[in-house]
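Visitor: Fold the stuff below for me.
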Amino acid sequence: MRTIKRLLVVLLLLCGSVLADNTGEQSGASSANEASPATAWVGLASLYASDDAYCIYTGVGRDTLYITNFTMGVTAGATIDSIWFSTEGQGTSTNQSRRRIIINLVKDGKTVVGENVTHTHNQTDAGDNTVRSTGDTTPLWNTSWTAAEINATSFGVALWKSANQSGDILIDHVTMYVAFTVGGGPGDVGQIIMLENR
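Guide: Numbers count the residues shown, from 1 in each chain. A predicted model of the protein is given here:
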């Protein structure tokens with residue numbers, strides 16, 4: 001009597017692939033002051049490059065500056081992992097609180113979302129700007145994001161002077177950096193292995 005043992009081993013591999021990526025640092029291309037009050041930031045076009053030309057605020061109240069149109073280029077459908085925002089600039093006051101700006105993100109170009117952060121720049125020293133970055137402790141700024149929202153021309157930041165006191169704020173350049181993960185579909189469906197013992 002011949003005994004035939006057959007062992008059928010089926011390996012089914014459903015392996016999805018993921019790819020971590022980022023946008024690199026991107027500069028804004030649009031900016032605007034809030035509609036009121038009348039005192040405003042001046043030199044808005046100076047925000048788009050690190051060139052020691054400044055967007056300057058000389059007021060003492062909360063006048064919001066909006067910077068948008070960063071052309072982020074996040075892959076459609078990607079998961080947003082972190083959003084970083086950097087400011088390069090200075091302040092004229094010897095009082096640290098008067099060199100501080102409050103920053104929020106915007107999705108529609110004007111409405112702040114999530115939580116805010118602060119950047120405090122050094123006292124003015126010609127040609128010696130301070131770069132401050134945000135994104136490590138609040139990677140998503142306490143709100144949710146889609147790739148479409150990040151890629152929209154209305155995505156950006158709203159910022160204003162922290163202290164309601166005198167002391168100029170000078171901003172040379174602002175940049176955004178977004179890290180994201182692209183999710184893949186199922187990989188190869190493995191193989192069927194048949195082992196036969198007689």
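Visitor: list the contacts for the residue most central in space within the chain?
Guide: Closest residue to the average C-alpha location of the chain: Ile83 at 3.0 Å, with C-alpha atoms, centre = their mean. By C-beta atoms under 8 Å, 6 or more residues apart in numbering, Ile83 lies in contact with Leu105, Gly135, Pro139, Leu140, Trp141, Trp145, Ile150, Met176, Tyr177, Val178. (C-beta placed from N, C-alpha, C; glycine too.)
Visitor: Just the closest of the residues you listed to Thr39, please.
Guide: Leu105 (23.9 Å; C-beta to C-beta).
Visitor: burial measure for Thr124, as a count.
Guide: 17 (other C-beta atoms under 10 Å).
Visitor: Among the contacts of Ile83, which lie within strands?
Guide: Of the contacts of Ile83, the ones assigned to strands by DSSP state E are Leu105, Met176, Tyr177, Val178.
Visitor: pretty sure the third one is in contact with Gly24, am I right?
Guide: Yes. The pair formed by Tyr177 and Gly24 meets the contact definition of C-beta atoms under 8 Å, at 6.7 Å.
Visitor: Compare neighbour counts for the two and give me the winner.
Guide: Taking neighbours as other C-beta under 10 Å, Tyr177 and Gly24 compare with Tyr177 leading, 18 against 11.
Visitor: for this structure, what spans make up the strands?
Guide: 5-11, 18-22, 26-27, 30-33, 55-57, 65-68, 79-91, 100-106, 112-120, 130-134, 156-161, 169-183, 191-197.
Visitor: Reformat these into JSON lines and put mean pLDDT and distance to Ser46 next to each item.
Guide: As requested, the strands of the chain are exported to JSON lines (pLDDT from 0 to 100; distance: least, C-beta to C-beta, whole Å):
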{"stretch": "strand 5-11", "mean pLDDT": "30", "distance to Ser46": "61"}
{"stretch": "strand 18-22", "mean pLDDT": "91", "distance to Ser46": "26"}
{"stretch": "strand 26-27", "mean pLDDT": "96", "distance to Ser46": "11"}
{"stretch": "strand 30-33", "mean pLDDT": "92", "distance to Ser46": "9"}
{"stretch": "strand 55-57", "mean pLDDT": "95", "distance to Ser46": "5"}
{"stretch": "strand 65-68", "mean pLDDT": "96", "distance to Ser46": "11"}
{"stretch": "strand 79-91", "mean pLDDT": "92", "distance to Ser46": "10"}
{"stretch": "strand 100-106", "mean pLDDT": "93", "distance to Ser46": "15"}
{"stretch": "strand 112-120", "mean pLDDT": "90", "distance to Ser46": "17"}
{"stretch": "strand 130-134", "mean pLDDT": "75", "distance to Ser46": "16"}
{"stretch": "strand 156-161", "mean pLDDT": "94", "distance to Ser46": "14"}
{"stretch": "strand 169-183", "mean pLDDT": "94", "distance to Ser46": "7"}
{"stretch": "strand 191-197", "mean pLDDT": "30", "distance to Ser46": "61"}
